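**Student:** any chance you can model this:
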Amino acid sequence: MMLGLALGDTLGVARGGLPAGGPLRAGVSTQLACFTAEGVIRAQVRGNHKGICYAPGVVLHAYSRWAFLQGIAVEKLRARWAPSGDDAAWPDGWLAGVPALAERRGSAPATVAALSRIGEGPERMATASRGSHALTRALPIAVTGIGGIAQVADVAALTHGDPAARSATTHAAVLVHHCLTYTAPEPGGSAREALQAGLTALPSDGRPITDEEHSRLAAAFRHGVDEPPTTDRLARLAPDATAPSALLGGLYAAACFPGPADFRAATEFAAHAPDGASVACVAGALLGAVHGIQALPVDLVSRHELAWVLDTLARDLVLELDDSPGGSEYIPEWDPHWLGRYPGW
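**Tutor:** Below is the predicted model of the structure:
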């Protein structure tokens with residue numbers, strides 16, 4: 001899912017026209033998704049050791065590290081997270097040392113605007129935006145299961161105040177979760193069964209969802225299943241750079257090209273949406289989640305500048321959820337480096 005998200009983001013930014021050789025650059029959605037995954041790991045570590053944790057607050061700290069590395073609101077963020085003035089100790093964790101995450105790779109205006117107001121407190125930070133980054137950056141939370149997905153809307157609301165952004169983000173996480181947990185009846189199965197299972201479960205797993213929201217998602221899926229793919233339909237479903245458009249367009253593209261050999265076709269098609277980066281990002285995450293690493297084009301994965309980072313974060317996230325290498329309040333750690341890599345705050 002993480003690598004599919006990243007390849008979709010990169011293909012979308014390039015409008016499907018990748019260079020023939022050389023490294024493939026990560027987009028801003030991929031950068032933020034990396035920090036979401038890291039934030040989820042660190043929230044789990046904190047919960048294990050403190051017994052209580054508000055995970056969106058730990059993810060906010062992760063986004064603050066991203067912004068600091070980008071040179072955004074540096075003094076405000078330093079005052080919030082390193083008030084003692086010990087710059088050597090913050091930003092902490094291994095992810096802050098990845099050079100590509102400190103480079104500007106596109107605009108995330110609502111996220112930047114909110115983090116620039118971090119001194120005003122969480123209740124006053126968020127903008128009124130329904131922009132797509134609320135959704136694309138939050139997709140790693142799908143790994144935590146339905147219980148963790150209950151906090152996806154709160155993560156989106158850290159920076160995006162529009163209710164449609166929060167609900168679309170939650171619904172996307174539920175669909176990705178069902179893609180991650182779906183077992184095809186036979187090898188080489190289609191993503192459509194996993195997406196259908198997710199759509200069926202949404203009224204219970206992804207609350208709140210209105211009848212209108214569910215009908216739009218179901219219609220986008222049926223268009224992908226029943227009709228030949230067209231860029232006109234894609235543009236009508238995903239006309240702008242909002243979270244609902246990213247979800248509808250990504251779902252449509254994945255339904256149009258559902259097979260394990262269709263990843264590149266799906267993401268290149270999605271890249272032709274008006275905001276191709278967000279739509280291809282969602283399509284790539286859905287297809288990567290359901291088909292696994294073997295469905296991703298090796299020539300693209302091997303060229304992506306953050307392939308190792310994404311793979312490491314994905315493995316560490318699953319490891320933390322399954323086996324707590326850093327231990328807990330009552331259980332000793334079995335990896336002596338874990339708490340330095342993922343401090344629990």
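**Student:** which SSE is the closest residue to residue 198 other than its chain neighbours in?
**Tutor:** Of all residues not flanking residue 198 in the chain, residue 178 sits nearest, at 3.5 Å (Cβ to Cβ, 6 or more residues apart in numbering). In short, each C-beta sits where N, CA and C put it, glycine included. Residue 178 is part of helix 163-181 when elements are defined by DSSP states H and E.
**Student:** could you give me the buried positions within that helix?
**Tutor:** By neighbour count with 16 or more other Cβ atoms under 10 Å, helix 163-181 contains the buried residues 165-181.
**Student:** hang on, the residue nearest to residue 198 packs against residue 193?
**Tutor:** No. Because the distance of 9.6 Å does not satisfy Cβ atoms under 8 Å, residue 178 is recorded as not touching residue 193.
**Student:** any idea how far residue 245 lies from residue 181?
**Tutor:** Note on residue 245: its distance to residue 181, by Cβ to Cβ, to the nearest Å, is 26 Å.
**Student:** next: residue 275.
**Tutor:** Going from residue 275 to residue 181 by Cβ to Cβ gives 28 Å.
**Student:** name the helices or strands packed onto the helix or strand in which residue 31 is found?
**Tutor:** Secondary structure from DSSP H and E places residue 31 in helix 28-50. Taking 3 or more Cβ pairs under 8 Å, 6 or more residues apart in numbering; DSSP states H and E as the contact definition, the neighbouring helices and strands of helix 28-50 are helix 2-13, helix 55-69, helix 133-136, helix 276-291, helix 307-323.
**Student:** list of residues touching the third one?
**Tutor:** Looking back up the chat, that one is helix 133-136. Residues outside helix 133-136 that contact it (Cβ atoms under 8 Å, 6 or more residues apart in numbering) are 5, 9, 28-29, 32-33, 108, 110-111, 156, 159-160, 165-166, 168-169, 172, 243, 246-247, 278, 281-282.
**Student:** tell me how far it is from the chain's mean position?
**Tutor:** How far helix 133-136 lies from its chain's middle: 7 Å, per Cα atoms, centre = their mean, to the nearest Å.
**Student:** list the buried residues in the helix or strand following that helix.
**Tutor:** Once helix 133-136 ends, the next helix or strand along the chain (criterion: DSSP H and E) is helix 146-149. Judged by neighbour count using 16+ other Cβ under 10 Å, the buried positions of helix 146-149 are 146, 148-149.
**Student:** buried residues in stretch 256-276?
**Tutor:** Applying a neighbour-count criterion of 16+ other Cβ under 10 Å, the buried positions in stretch 256-276 are 256-260, 262-264, 266-273, 275-276.
**Student:** give me the distance between the two termini of it.
**Tutor:** Stretch 256-276 has an end-to-end distance of 16 Å (criterion: Cα to Cα, to the nearest Å).
**Student:** and what of stretch 181-188?
**Tutor:** Stretch 181-188 has an end-to-end distance of 16 Å (criterion: Cα to Cα).
**Student:** may I see the buried residues of it?
**Tutor:** With burial defined by 16+ other Cβ under 10 Å, the residues of stretch 181-188 counted as buried are 181-182.
**Student:** now do that stretch, average pLDDT.
**Tutor:** For stretch 181-188, the mean pLDDT works out to 80.
**Student:** all good on my end, thank you.
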